[in-house]
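J.: I'll drop the sequence and a predicted model, then ask my questions.
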Amino acid sequence: MTVTSSCSEDPRVLFLSGLFDEWGSEFEERVCTELAVNYEAPVAGLDHNSCSEATSCPAHLEALRIDQTRRPRQLLDIKTTKEHGLEKITPEGHPDKSGSSSRPRAPWTRQCKHLGDFKYLGGSIECHSKAIEIDPDSHPGKLGFLSNRGISQHNRFERLGEVSDLDRAIEYRFQLVQLTPDGHAEKPVRLDGLGNSWLCRFERLGALGDLDLAIDCQSQAVGLTLDGHLDKPARLNNLGHSCLYRFERLGELGDLDLAIDCQSQAVVLTPDGHPDKPARLNNLGNSWLCRFEHLGELAGIDHAIGCLSQAVVLTPDGHPDKPAFLNNLGNSWLCRFERLGELDDLDHAIDCQSQAVRLTPEGHPDKPAFLNNLGHSWLCRFERLGAPGDLDLAIDCQSRALELTPDDHPDRPPHLNSLGISWKRRFERLGELADIDRAIDCQSRAAELTPDGHPDKPARLNNLGNSWLCRFERLGEFGDLDRAINCQSRAVELTPECHHDKSPYLNSLGISWKRRFERLGELADIDRAIDCQSRAAELTPDGHPDKPARLNNLGNSWLCRFERLGEFGDLDRAINCQSRAVELTPDGHPDHPCYLNDLGASWMQHFQHMGGLSGLKKACDAFRTGTHTAAFKPGLQMLCADNWAKTLKLLNCSPLEAYQAAFSSLPRIVWIRKTIEQRHKNLNRVNDLSTEAAAWAISTHHYDLALEWLEQGRSVVWAQALQLRDEFKDLLSAEPELAHKLYNIAFQLDTVGSIPTSKTPILEPIMSPLSRAQCHHQLARDWDALVARARTLPGFESFLLPLKSSELKRAATDGPIVIVNTHQTRWDALAILPQQEEIIHVPLTQFSQVKLGQLNEQIPLLMAQEGNPRNTQGSTCSTSEGIAKLPALLWSHIVKPVLGALSYLGNTEPDTLPHVTWCTTGSLSFLPLHAAGLYDGISPNTPDLVFSSYTPMLNTLLFHKTSSHHAGLLAVGPDSLPGQVNPASAFEGLKSLRKYSDIVECSYLEGNSATVSATLAGLAEHSWVHFACHSTWNYFNPSQSVFYLRDGALSLEEIARHQFQYKGLAFLSACQTAISSHYILDEATHMASGMLMAGYPSVVATWSSVAEDLSLVADTVYSELLEDGKMDHTQSGRALHKAVKVLREKVGDKQIWRWAPFVHIGV
């Protein structure tokens, strides 16, 4: 290249120019072909002799050199550069061509960026710097040096991510703009370039001042560009891009409108076929998406999908922008799903976002954001369909996104927030405490990293507050509630009064204040709750889908205040709010029965405090309507029906219809796939319903109905286990597609219908309330249609219908079954006998709730390991007397009347004792009826008259399956474990089994061989099992009660999950394997009943620590059962009775704590 004398008289500049020429020509040979292909077309046809054209074209090509943003939703559209084109089209003699060594360096800089050869880029920057230092500001070549240095520094930042490079690029471009006179042809392009560098700095550091400077520069660039100029679309696009950023930061609608206006003009002015058309469509689509997200106008999302779909179609495969366009289109489909609830939209979203992630190379700065968005969609899919794998995929994607995001990157807070939401969802579904702790950790960091004044700060604080509240409701730790209130209060304070998120934040804060009032009873707290919820309701416009929920929450708080102060004005306000909530909610909406039940409760308060039948009748109407609503909310509809029955009885009307409606909801509850822990939380309500309904049925002599209702209500979780094992398994075999559809729809109904209305919509992957209601209604119709279809199949006519009394009576095959029902209004026993249709009713008139309380007070004395009177000096007499009261009370008030009605009080021949199976409810589930008696040496006691078994419900006896093939016995004993006492006597029981090795096949897992996997494998291969190990009962979540083995814990849930068939006896010589949870009064969910559900129809277990007597009892039981080698588990109850008789004769009848803990459960 020839350097004219006009370039500079300084020989150093001439030398640098020559050096640039040498290095530059080396690059031009390497990239000449590629650049010619890329840039010949844009410059073809230009008149090089025209000064204006020659000036505007370099400006146009510089505008093409704009960086790609790091955020996936916003993508600047221009990817080409100006430098090589400038060399081709700048006329000889032009000031920017001749007098400087800057222009020939464009291919060099381009090559550095394209091929990553940083030795050339470094050389370019160094030479530019030297030239700038020695060139005076007045020299025309100075501008070229500043321009190229700015470009080189910007390119270096793009490759290395060093903010210092970007700062230098801004410095040089700012000087360039300052030195460019007004009216200069390149003033607009240089302003635009400076604006883009400011924008890039904002994207990297998040400083709002940088964004304002970007918009100012780009606005000037647009203003200085004439209509019809080739650069007008690019500059409009870039200005719109920056305005959208500012809207997302500040929430000013004017910025969003300006963004859409600029980008719409850019698209219109860009001809079809232009390489920048897809990028400009993409940006316009993103702005429409943003408008939809903030205003909810459905037309906005349709515009967004239209623009973004065109952008994807117009972008060829392999183009570097393709992943970003796909990601943005996926985001739009996801927003449409969240609004309308159509699964096809969600599938489109996941497909697009998955392609975006797959097409983006590792190390690309957009990879984390694409992963985060994909994780968000997987989470939405999990919430809609309930597949655990979808939640795992969501957490995996979001965790990877977080790992790839630098600590100082502005996207780190939203990625932390998204991952925190997923962990919270996992906690809500599985109940694992570690998950809510992970959620709080992520959301705490997200809130801390979000600067004050950022528009997402309130949302992240509110999400964090909701997680703290969730933890409080699980653990009850007051500090968690205070943290929730603090976070939610800050969210409210930071949100402008007119902001659309103010209402949900106030609603969340009000709920937390109400929880605090319920915990501490401080009146100021309920006043604060009412203030927050009143403002939330006022700020929610009429017609908004959340309006009913916020009114109902407010009504509940007014009711709480009334219950505390008794001010009738508060009750009137509660009824008014709740009535409005009901009026605004259509029938079939999943929240409809909840609002009706709350309204009915307020009318009941009105009746109880003001008298008169008007309030009672209105309560009755509300409960009845809630029962029969079209919504698929079986738990709430059951509660409405129970309350309806109560009001009918107060009105002296028959509650039969209400009770029938309540129990008709139970089959639906059975199929809802909540976790076992979640199901346990509602069981006391079911148990109260069944005992209450049975008490009424017995009082009206409907004994068969009482039997059916007690069976339906008892042990709901285990009843579900049986149904899924039989009815569902049978349907799965007959019509697998139908079975899976039912199962999936049941979970979708539960998921869609159980989303709390208090949660913030910001960054929470939840469908809108309106679409949720529509989806719920459709799913309910689908459920009913599928159940009806199943009942048309041969053998499935009674599918999901409860067993009738005639079927339940078949459970009594080996003696009578006695069902004892306790309720505050009456106490009764119902006895069913083999091959008899008539049910024997035994009123327990001497029994009372007070007596029941006295009986339960004696249970700890019987079960406590340290309560043994031999081990408590100085208290032997009083403790023995206390224990003796328990069997005496049981005898006089329950067992003696029952055995008298059965005519069993006279026979005491040990070889002909009848077999009685006890099925108890409520607190009676803990009481040892088999040990009842006076033990005075004169009167007969229960063990002298009958031998006893227990059953949690009649189903366990009906579904007993036997096999003529016996696969031997598995004995499991892991020896002592760290921190545990060696159960020596239990191991002695294992040793006694060896004497029967010649009779039956026995396998032993002892010591280190007693692992979890080996035990599960052994259970599958053997008919009987003997556990000689420690166990722990989990009172909060009984399904997680465990046997301790050598390498870990084997849970009740894990055993039950295997659903073993054709098993026999399970002997559980571990502590307290037959004790149920006090938290679930009628749930016989202990180790023994768990083994029943796992397929072992006969179980020997203990109610307390009996280590010293285990060997004797086990040896006697096995000698009775295995002596002839038949392995007849149906004789287990009689064998245990004989073993306990031997123990009684050894230690004496009055040492009840020694022999009463041994029980038989099952057949």
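T.: Cool, got the structure.

J.: going forward, measure contacts and count neighbours with C-alpha atoms only.
T.: Will do.

J.: pLDDT on the helix or strand where Asp621 lies, on average?
T.: Per DSSP states H and E, Asp621 falls inside helix 613-628. Per-residue pLDDT over helix 613-628 has a mean of 96.

J.: what helices or strands is that helix leaning on?
T.: With contacts taken as 3 or more CA pairs under 8 Å, 6 or more residues apart in numbering; DSSP states H and E, helix 613-628 sits against helix 592-610, helix 634-650, helix 656-664.

J.: Centre of the chain to that helix, how far?
T.: Chain-centre distance of helix 613-628: 34 Å, with CA atoms, centre = their mean, to the nearest Å.

J.: What residues of that helix count as buried?
T.: For helix 613-628, burial by neighbour count (16 or more other CA atoms under 10 Å) applies to 615-628.

J.: now do stretch 582-600
T.: 582, 584-585, 587-600.

J.: Dump stretch 402-419 to CSV, keeping only the CA atoms.
T.: What follows is stretch 402-419, C-alpha atoms only, in CSV (Å, rounded to 0.1, in the frame of the first residue of the first chain):
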residue,chain,number,x,y,z
LEU,A,402,-25.2,-21.7,37.7
GLU,A,403,-21.8,-23.5,37.5
LEU,A,404,-21.1,-21.9,34.1
THR,A,405,-22.0,-18.4,35.2
PRO,A,406,-19.2,-16.2,36.6
ASP,A,407,-19.6,-14.8,40.1
ASP,A,408,-19.8,-11.2,38.9
HIS,A,409,-22.1,-11.9,36.0
PRO,A,410,-25.4,-10.1,36.1
ASP,A,411,-27.2,-13.3,35.2
ARG,A,412,-26.0,-15.1,38.3
PRO,A,413,-28.8,-13.8,40.6
PRO,A,414,-31.6,-14.9,38.2
HIS,A,415,-30.0,-18.3,37.8
LEU,A,416,-29.7,-18.7,41.6
ASN,A,417,-33.3,-17.7,41.9
SER,A,418,-34.5,-20.2,39.3
LEU,A,419,-32.6,-23.1,40.9
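
J.: can you list contacts of it?
T.: Here stretch 402-419 makes contact (CA atoms under 8 Å, 6 or more residues apart in numbering) with 71, 203-206, 367-369, 372, 376, 395, 398-399, 401, 439, 442-443, 445-447, 449-450, 460, 763.

J.: hmm, back to that, tell me what angle the helix holding Asp621 forms with helix 634-650.
T.: 150 degrees (axes from the mean of the first three to the mean of the last three CA atoms, to 10 degrees).

J.: Residues contacting stretch 779-796, please?
T.: Against stretch 779-796 from outside (CA under 8 Å, 6+ apart): 631-632, 731, 738, 741-742, 745-746, 748-749, 797-799.

J.: I figured Val1163 hits Ser1098, correct?
T.: Yes: between Val1163 and Ser1098 a contact is recorded at 5.4 Å, counting by CA atoms under 8 Å.

J.: mind listing the strands for the stretch 1001-1150 of the chain?
T.: 1002-1006, 1024-1027, 1031-1032, 1042-1045, 1048-1051, 1065-1068, 1098-1102 (DSSP state E, counting those that start in this stretch).

J.: And the chain, by the same measure?
T.: With DSSP state E, the ranges of strands along the chain come out as 817-823, 826-832, 840-843, 915-920, 947-950, 969-973, 1002-1006, 1024-1027, 1031-1032, 1042-1045, 1048-1051, 1065-1068, 1098-1102, 1158-1162.

J.: Out of these, the one nearest Gly254 is which?
T.: strand 1048-1051 (59.5 Å; CA to CA).

J.: buried set for that closest one?
T.: Ala1049, Leu1050, Ser1051.

J.: before we move on, back to that, looking at the strands of the stretch 1001-1150 of the chain, which one has the lowest mean pLDDT?
T.: strand 1031-1032 - the lowest mean pLDDT of the strands of the stretch 1001-1150 of the chain, at a mean of 77.
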